[in-house]
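[1] Just to be clear, the model below is a prediction. Sequence and coordinates:
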Amino acid sequence: MRQRRFEWRGAAETAAAIREWAASEETPVDVSKIEAEVRGEGDAALLRLTARFDATERSPESVAVDPDVPARALDDLDPAIRESLQLAIDNVRAVAEAQLGLEPRRVDLPQGQSVTVRELAVESAGVYAPGGRAAYPSSVLMGAIPARAAGVERLVLASPPGPTGELNPLVLATAALCEIDEVYAVGGAQAIFALAYGTETIAPVDVVVGPGNAWVREAKRAVAGQVGIDSLAGPSELMLVAGPETDPEWAALDLCAQAEHGAEGPLIAAATEDSVLDAIAAATERLAGERQNVGDSPLALVTAPGARAAIELADAFAPEHLELLDAEAATLAGKARTAGCVFVGPHSATAFGDYVAGSNHVLPTGGAGRFSGPLGPNVFRRKVATVEVPAGAAAKLAPHVETLARAEGFPLHGESAMIRAEENA
């Protein structure tokens, strides 16, 4: 793990310096060629790209997974794993359902007209779950459960197969638990383009969600507008604020656990005392050397002039995950405004949020927490406004429409409104 100390130069300046350092080794990604291939060739492109990047031992004949396969995987699933998955599903569903506002809201206005706003679920949604040589059943349920809670009728899963061309049984079993309608063994940017534009086998969806690597992120950026997306989730991030009472071993484990996601995600440890940072840095270096799964992630160490300043640094950086392990900082949890998810107190490790706490682990990264938040049912719902203007209201409103329309240079808008008023007169 690459460690570097940063001098305090103010919250915004320090956050910018950390971002620049962490991103200095990122390689730009261009997905336009893959997009053109998928749009132009459909299934043939998917099969060729899957054989090239994922199913390297056996070329696939189709990206579609037989509907009976997930059910069989669920039957064979270890009971302990099934119990834990079901606990995660139940908790994520409870939090998702609490966010729903299903009842139409009608506003009656003084001139006599009314505007009713109601919410409807999108018809179809695609969930992307990373895969290949690893399995991420948690990403399946984090995408599928909010979609189901929102009322989505057609739910599709895309995930890259392993070298043999088959999906991991854990992913398949979770798809069955979440009652996903269609499963496709295809990953990477090509999966996102297939979900957005459709192929001979995959019908296009209305919304695409889920985490992925830089290729997936850039593909989602490319199709935004063609379909809805949740966010541009990139390399995973963690910032923790520690204090004198923070156990450096716990803090180091949290940082190393985050580094399991890969070497690209920036990590930050902030404290008000150098000695606290020294202890965390030493423990992290030792644990990273002892564990095989820890990527060479960049770890920024910052001594903040106070707990409030540490929160200001978090707001400026907008980390995906923010752990408040310092007692003083925990009292300021409500002041944290831009983190994707805030974990308060020494026992609230990010790992709980990744799996079973009930919060969603699909979160904004790269500073996107300034304008977006966790994946929830709202991503799968859209608002429809209904306007009713009775004759009396038309008479009162039309002159104002005419005034504003003529000011904007659209006289026919004014005529369209005034003819209703004249009829009523």
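    Looks like it arrived, so ask away. Computed from a prediction, not measured in an experiment: that's the story for all the values here. Residues are numbered from 1 along each chain as shown.

[2] tell me the domain ranges of this structure?
    Segmentation of the chain into domains, based on automatic domain parsing, reads 2-27+235-372, 32-106+120-231, 389-424.

[3] Of all these, which one comes closest to residue 381?
    Closest to residue 381 of these, according to CB to CB: domain 32-106+120-231, at 5.1 Å. Placement of C-beta: from N, CA and C, glycine included.

[4] Average pLDDT for that closest one, rounded please.
    Averaging pLDDT along domain 32-106+120-231 gives 95.

[5] Next, the distance between the ends of it.
    End-to-end span of domain 32-106+120-231 (CA to CA, to the nearest Å): 19 Å.

[6] ditto for stretch 50-62
    Using CA to CA, the two ends of stretch 50-62 sit 10 Å apart.

[7] buried residues in that stretch?
    50, 53, 54, 55, 60 (16 or more other CB atoms under 10 Å).

[8] Just flag the most distant two among those.
    Among these, 53 and 60 lie farthest apart (CB to CB), at 11.6 Å.

[9] would you list the buried residues of stretch 50-62 in CSV and tack on secondary structure?
    Output for the buried residues of stretch 50-62, formatted as CSV (DSSP: H, G, I helix; E, B strand; the rest coil):
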residue, secondary structure
50, helix
53, helix
54, coil
55, coil
60, coil
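
[10] doesn't residue 379 fall inside a strand?
    No - Residue 379: not assigned to a strand; according to three-state DSSP it is helix.

[11] how close does it sit to residue 340?
    As defined by CB to CB, to the nearest Å, residue 379 lies at a distance of 14 Å from residue 340.

[12] Residue 130 now?
    Residue 130 is 18 Å from residue 340, by CB to CB.

[13] again with residue 311
    Taken as CB to CB, the span from residue 311 to residue 340 is 15 Å.

[14] Repeat that for residue 34.
    Residue 34 is 28 Å from residue 340, by CB to CB.

[15] who has more neighbours, these two?
    A direct count of neighbours by other CB atoms under 10 Å for residue 34 and residue 340 places residue 340 higher, at 27 against 22.

[16] neighbours of the closest residue in space to the more buried one that isn't next to it in sequence, just the number please.
    With CB to CB, 6 or more residues apart in numbering as the criterion, residue 340 has its nearest non-adjacent residue at 3.2 Å, and that residue is residue 363. When counting by other CB under 10 Å, one arrives at 27 neighbours for residue 363.

[17] right, and residue 363 touches residue 341 too?
    Yes - look at residue 363 against residue 341 with CB atoms under 8 Å: they come within range, at 5.7 Å.

[18] Now the common contact residues for these two.
    320, 321, 374 (CB atoms under 8 Å, 6 or more residues apart in numbering).

[19] Switch these over to TSV; also include distance to residue 22 and neighbour count.
    Shown next, in TSV, are these (distance: CB to CB, whole Å; neighbours: other CB atoms under 10 Å):
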residue	distance to residue 22	neighbour count
320	12	31
321	15	26
374	22	24
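
[20] ok, so of the residues you listed, who is nearest residue 200?
    After measuring those against residue 200 - CB to CB - the closest member comes out as residue 374, at 34.7 Å.

[21] do you know how far that closest one is from residue 170?
    23 Å.

[22] just residue 106 next, same as before
    46 Å.

[23] For the two, indicate the residue with more neighbours.
    Applying other CB under 10 Å to residue 106 and residue 170 shows that residue 170 carries more neighbours, namely 20 against 12.

[24] The more buried one is in contact with residue 82, isn't it?
    No - judged on CB under 8 Å, residue 170 makes no contact with residue 82 at a distance of 10.1 Å.

[25] re the thing from before, among the buried residues of stretch 50-62, which one lies nearest to residue 387?
    Using CB to CB, the buried residues of stretch 50-62 come closest to residue 387 at residue 50, 48.0 Å.

[26] what's the nearest residue to residue 149 if we skip its chain neighbours?
    Using CB to CB, 6+ apart, the nearest residue to residue 149 is residue 96, at 4.0 Å.

[27] Could you check which helix or strand contains the one you found?
    Residue 96 is part of helix 79-98, with elements assigned from DSSP states H and E.
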